[in-house]
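1. Please find the sequence and the predicted model below.
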Amino acid sequence: MEYYLRRNHPDKVIQLYDKFIASIEKKKSARGSEDRESSSDLIPPAMPSATTSPSPHSGEASTLLAVIAAHAIKDDFEAAMNIYTSTSIRTKSFSQNDERLTRLKYNPKLVQRLTVWIPRLHLASLVSRPQMLHKLLKRYANEQAVQPIEKLYQCLKDGLTGRAPFLTTKSQKPNTPNRLVLPAMIWTSFLSALMKCQRRDLAASLWDDMISFGIRPGLSMWTTLIDGFDNNRAVDEALAAWKMMRGQNVHPDGLAYRAIISALFNGNKSALAMRTFDEFQSTAMKTSPTDCTLSVYNTVLHGLLLTNQIDEANNLLQSMPQTGLKPDLISYNTLLAYHSRRGDLKELANVINDMSAANIIGDIFTFSTILSGMLKAGREDAPKLILKLMRKQGIEPNVATYSAIINHHMKRGDEISVRAAFLMLQQMEADPQIHPNDVTYTSVLANLYRNTWLSSEQVEEWRKDIVQRMERRGVKFNLPTYHILIKACLTNTESEGLKNALWYYHDMRKRKIPMANTTWYILLAGLLHREEWNIADEMVNQMYTTGLQPSGSLSELVGKIKKRTRILDPEV
DNA sequence: CTAGGGTTAG
C-alpha cells in the first residue's frame, strides 16, 4: 500500500484495503462457525482470550491510515469518514507527530490535509458511537480536564458550520444526505461535562449554539442544565432554568423534579423545595416509575436532614408505605450519614437495627459512613473494627474508607499521626483500586493549613509535597475543594494563612471557575473575622464586578464590612 | 443522554 501511495495510485490502495477487509471478515466468520460447532449449546461462551479475539496489531492501524491517505489524495472526506466510522480497527487517534505520518512527509500537501482530517475523523467516529463519546466526556469531567472537552466541541462546531462541514443536525438533514447526523443526546453529554468542570461560561455558549442550530432543548437537556447549576451551587440560575423550561411548555418528569428539589435544598430554599415536592406528588408522580419516585423521595430526605429538619424527615419516612414505597439502601445510608455527621452512635445503632429488620444489607457506603461517624465520636478502634467487619462481609474498602481514616489521623495533627496519614496515602497511591481523589488530598491539605501543633517549616514542606503529588496524578481542585481550602487558610491566624487564601482565590479566577454565593461568603466572613478591612473592601468590589447582587446573609456580611463591625466573640 | 446515598466541610 505504501508503494502505491508513493506512486500516487490511490485507487490501488483502496482496492488493497477492500481486499484486506474482506479477508479479515472471511477469517472472522470462519472462526465464528468453528466456535459454534465446537462449543456445546450448554456451555456458555468462554471469556474472550487471545486466541478467540486477536488484539489489533499495529499493522491494522497503518493500513487504516494508508487508505485514509488514499482518500485524502482524492480529496474524498466522505469516503474516509465512512471507512473510519465503520471500521472495527481500534486505534488511538493518530497524533500530529505520529511516526506513520512522518513517513509520508515526501508529500507535504498530503500530510497537511491529514493533520486537518484526523481530528475530524476521530470526532466523526465518536459521534457515530455516542455512548463512547459520552464515556470519554465523563472521564474528562471527572479529571476536570476542560481543554480536551473544549477541543472536541470546537471540532464539532466546525464540523457543523465550518468551511467543509461533515456533520448535520437532524433538521438540516434533507439537504445534506452525505453528512453524519448528530444525535441530540450529544448536546446533553457536552453540557453535563462542561457544567461538571464548573465552566458555566462554556456551557452557556453551547446552549446558544444549540439554539442557533434550530434545536429546541428537550426535557433531558433542561434537567441536565438544572443538575449542573445544582453542582455549581447556583440556585437562582437553577430556578430560572426551571421557570424557563415550564414557560416553554416542557413538562417535568421525576428526574427533573429531583434536580430542582435538590438544587433548592442545597441553595437554602427548603420551603420552596417542599412546595415543589408537593407539586410532584400531585402531578408527575402518578406516571413516574417507582425507582425514579424513590430517588425523588431520597433527595427530599437528604435535603431535610441537611437542613436539620429531623421531624420532617421522620414524617416523610412514615408516609412512604401509604404510597407503596419502601425505604431502600440509599434511604438508610442517607439517615446514617445524618447521624454520622453528628457522631451520634446511639442513633447509628438504631438505624442499623432497622436495616437488619428490613433485611437490607449494607454496602461500601454504609460502612464508610459508620466508620466516619465512629471516628467523629472518638472511637479510636473504629478503623480496625469496621475493616474487619467489611472483610467478613466480603466488601472491599475503597477511597472513601481510607480517606476517612486519613482525615482522622490528620485531624489529630501531631507528628506521629501525620506520618501515619502520609504512610496510608502512599499505600493508596500504589494501589490503582484505591487511588486517592480530590477529597483525600483536600482533607490532608486543609488539615495541614489548620495545624497549630507543627512548625510552619514542617507544614510547608508537607504541603508542597502534597501539591506535587496531586499534580503528578492529575488531581485538580474543584469548587468544594476551594471552599474548604480557603476557609482552612483563613482560620490560620498566621499571615501565611491570609496569603494562602488569596492565592486560592486568584487561582479560581485564573481557572475561570465561577464563584458561588458560598465562595464569597467564606471569603468575606474570614476577612471580616481577621479584620482585614482593606482586602475585604477590595473583595466586595470584585464581587460586584462579577454582577452578583448579594442577598440574605451575604448582604448582611457586606454591611458589616462597610461599617467595620468587629466580631467580638472569639469563637465565631 | 439527564438519575437519589458515603469520605473533605458546613
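-> Here it is on my side, so go on.

2. Now do stretch A:356-366: distance from first to last residue.
-> Stretch A:356-366 has an end-to-end distance of 13 Å (criterion: Cα to Cα, to the nearest Å).

3. who's in contact with that stretch?
-> Contact partners of stretch A:356-366, identified using Cβ atoms under 8 Å, 6 or more residues apart in numbering, comprise A:326-329, A:332-333, A:336, A:352, A:355, A:370, A:390, A:393, A:395-398, A:400-401. Heads up, the C-betas are built off the backbone N, CA and C, glycines and all.

4. Please list which of these also come close to DNA strand B.
-> A:328-329, A:333, A:398, A:400-401 (Cβ under 7 Å from any atom of the strand).

5. Of the contacts of stretch A:356-366, just the buried ones, ChimeraX syntax please.
-> For the buried members of the contacts of stretch A:356-366, the matching ChimeraX selection, counting by 16 or more other Cβ atoms under 10 Å, is:
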select /A:327,328,329,332,333,336,352,355,370,390,395,397,398,400,401
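
6. about what we covered before: from the ones next to DNA strand B among the contacts of stretch A:356-366, pick the one nearest residue A:433.
-> Checking those against residue A:433 by Cβ to Cβ gives residue A:398 as the nearest, at 7.6 Å.

7. Go ahead and confirm that closest one touches residue A:436.
-> No - with contact defined as Cβ atoms under 8 Å, residue A:398 does not reach residue A:436; the gap is 11.0 Å.

8. I'd like to know how many residues surround the residue nearest to residue A:216 when sequence neighbours are not counted.
-> Distance criterion Cβ to Cβ, 6 or more residues apart in numbering; nearest residue to residue A:216, sequence neighbours excluded, is residue A:248 at 7.7 Å. By the criterion of other Cβ atoms under 10 Å, residue A:248 has 10 neighbours.

9. residue ranges with poor pLDDT in chain A?
-> For chain A, residues meeting the criterion pLDDT under 70 lie at A:30-58, A:90-97, A:171-177, A:568-572.

10. Tell me which residue lies nearest the centroid of it.
-> residue A:142 (3.9 Å; Cα atoms, centre = their mean).

11. Quick check: the residue nearest to that residue when sequence neighbours are not counted vs residue A:516, distance?
-> Distances taken as Cβ to Cβ, 6+ apart put residue A:196 closest to residue A:142, at 7.7 Å, once the chain neighbours are dropped. Residue A:196 sits 15 Å away from residue A:516, going by Cβ to Cβ, to the nearest Å.

12. and residue A:325, which of the three is it?
-> Following DSSP: H, G, I helix; E, B strand; the rest coil, the label given to residue A:325 is coil.

13. contacting residues for it?
-> A:290, A:293-294, A:297.

14. can I get those in JSON lines with neighbour count and distance to DNA strand B?
-> Formatted as JSON lines, these follow (neighbours: other Cβ atoms under 10 Å; distance: Cβ to the nearest atom of the strand, whole Å):
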{"residue": "A:290", "neighbour count": "12", "distance to DNA strand B": "9"}
{"residue": "A:293", "neighbour count": "23", "distance to DNA strand B": "9"}
{"residue": "A:294", "neighbour count": "19", "distance to DNA strand B": "4"}
{"residue": "A:297", "neighbour count": "26", "distance to DNA strand B": "7"}
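
15. who's in contact with the residue of chain A found nearest DNA strand B?
-> At 2.7 Å from DNA strand B, residue A:400 is the closest residue in chain A, using Cβ to the nearest atom of the strand. Under the criterion of Cβ under 8 Å, 6+ apart, the neighbours of residue A:400 are A:364-365, A:368, A:439.

16. Scan those and report the most crowded one.
-> residue A:368 (26 neighbours).

17. what helix or strand does the nearest residue to that one once chain neighbours are set aside sit in?
-> Leaving aside its chain neighbours, residue A:368 sits nearest to residue A:400 (4.2 Å; criterion: Cβ to Cβ, 6+ apart). If you go by DSSP states H and E, residue A:400 is part of helix A:399-412.

18. Likewise for residue A:60?
-> Following DSSP H and E, the helix or strand that holds residue A:60 is helix A:58-73.

19. Pull up the gap between the residue nearest to residue A:368 and residue A:370, please.
-> Noted for residue A:400: a distance of 12 Å to residue A:370, by Cβ to Cβ.

20. pull the CA atoms of stretch A:458-465 into CSV?
-> C-alpha atoms of stretch A:458-465 as CSV (Å, rounded to 0.1, in the frame of the first residue of the first chain):
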residue,chain,number,x,y,z
GLN,A,458,7.4,21.3,58.6
VAL,A,459,3.8,22.2,57.5
GLU,A,460,5.2,24.0,54.4
GLU,A,461,7.4,21.0,53.5
TRP,A,462,4.5,18.6,53.7
ARG,A,463,2.1,20.9,51.9
LYS,A,464,4.5,21.3,48.9
ASP,A,465,4.8,17.5,48.8
